[in-house]
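Colleague: got a predicted model here, sequence first, then my questions.
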Amino acid sequence: MAESIIGLSEPFFIKVLKLLETEAPDTGQLNKLQQQLTTDIQAIQQTVNSGTAGISAGEWETIKRVLVYWADEVLTRHIRDWDDFTLEQEYFGEQNRAWKFYVEGEEAVATASSEVAELFYLALVLGFEGDIQDAFRDELRKDLPGGHQDAASARRHWASQLQRRIRTEAQSDIQGEPLTGNVDPLGSSTLWKSSLAAFLIALLFFVIVFCWNARGPEDPTKATEEQSSSEETIEQHQPEPLWTSRTPTEFQWATMADPYSGQDQS
């Protein structure tokens with residue numbers, strides 16, 4: 001089974017999020033950090049190139065840009081000198097993520113799978129802001145999403161468009177395609193046998209219910225004792241809480257509040 005785009009990208013997201021929870025490294029360590037993150041992206045690319053992920057070369061280029069742009073955005077805010085070590089400079093020889101993120105999204109999401117839209121949405125939720133005004137007004141030569149004038153509202157509207165793109169394909173997958181082919185209706189013999197089977201099942205259910213009621217009410221004292229014993233057993237075998245079996249970052253990943261959820265659905 002092919003691994004999803006989000007599944008491939010998740011370890012990279014988590015690694016960078018963990019970096020944000022630690023003290024910013026010294027400038028002398030940034031070259032090593034850049035190499036580590038580059039290695040992580042190359043590992044994803046090897047999986048894509050192997051064909052097991054079912055991702056086209058064009059989709060991979062979009063995925064790589066999203067990961068690079070997002071990582072540089074959040075690391076630049078966290079690490080003072082990261083601007084001199086950006087992944088974008090390493091991979092693409094430029095520093096244009098602020099507007100290219102949105103231009104790439106506008107060009108890719110319309111024709112790519114909903115998982116690509118989900119990846120852009122995830123990058124927004126996890127802190128990418130960039131410059132949506134420059135992207136739409138100067139590069140795409142069109143109004144900001146939703147006709148908004150401020151960047152924050154435009155980002156929310158753009159995020160809501162991504163949400164709709166994700167939901168639309170998800171609903172199509174659930175509905176599936178109509179059945180096709182030549183299927184004959186049940187013959188009279190088959191229909192009679194099916195009806196008889198349904199009747200026997202209903203009769204068996206009636207007998208079980210009747211016998212159960214014939215037992216009479218249970219001793220309330222005994223029921224209370226059994227309930228108490230059951231509760232004690234449950235308390236002794238409670239499973240480990242979710243958050244004790246994960247690192248703080250992984251738990252935040254699973255429960256992170258979505259700042260764009262339910263916003264600006266116009």
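Modeller: Great, that's in hand.
Colleague: got the phi and psi for residue 142?
Modeller: phi -150, psi 170 (degrees, to the nearest 10).
Colleague: now for it, how many residues are close by?
Modeller: For residue 142, the neighbour count with other CB atoms under 10 Å is 10. Heads up, the C-betas are built off the backbone N, CA and C, glycines and all.
Colleague: ditto for residue 30
Modeller: 18.
Colleague: please name the nearest non-neighbouring residue to it.
Modeller: Nearest non-adjacent residue to residue 30, counting by CB to CB, 6 or more residues apart in numbering: residue 85, 4.5 Å away.
Colleague: list the contacts for that neighbour?
Modeller: Shown here is residue 85, whose contacts under the criterion CB atoms under 8 Å, 6 or more residues apart in numbering are 30, 31, 33, 34.
Colleague: among the residues you listed, name the buried ones.
Modeller: Buried subset of these (neighbour count, 16 or more other CB atoms under 10 Å): 30, 34.
Colleague: one step back: against residue 73, how distant is the residue nearest to residue 30?
Modeller: Taking CB to CB, to the nearest Å as the measure, residue 85 falls 14 Å from residue 73.
Colleague: equivalent analysis for residue 109, please.
Modeller: 19 Å.
Colleague: ok, residue 26 next?
Modeller: For residue 26 relative to residue 73 (CB to CB), the value is 21 Å.
Colleague: neighbour count winner among the two?
Modeller: residue 73 (22 against 10).
Colleague: now do the SS call for that one.
Modeller: helix (DSSP: H, G, I helix; E, B strand; the rest coil).
Colleague: residues contacting the closest residue to it other than its chain neighbours?
Modeller: Counting by CB to CB, 6+ apart, residue 73 lies nearest to residue 128, which is 4.9 Å off, once chain neighbours are set aside. Taking CB under 8 Å, 6+ apart, we find residue 128 in contact with 69, 70, 73, 74, 101.
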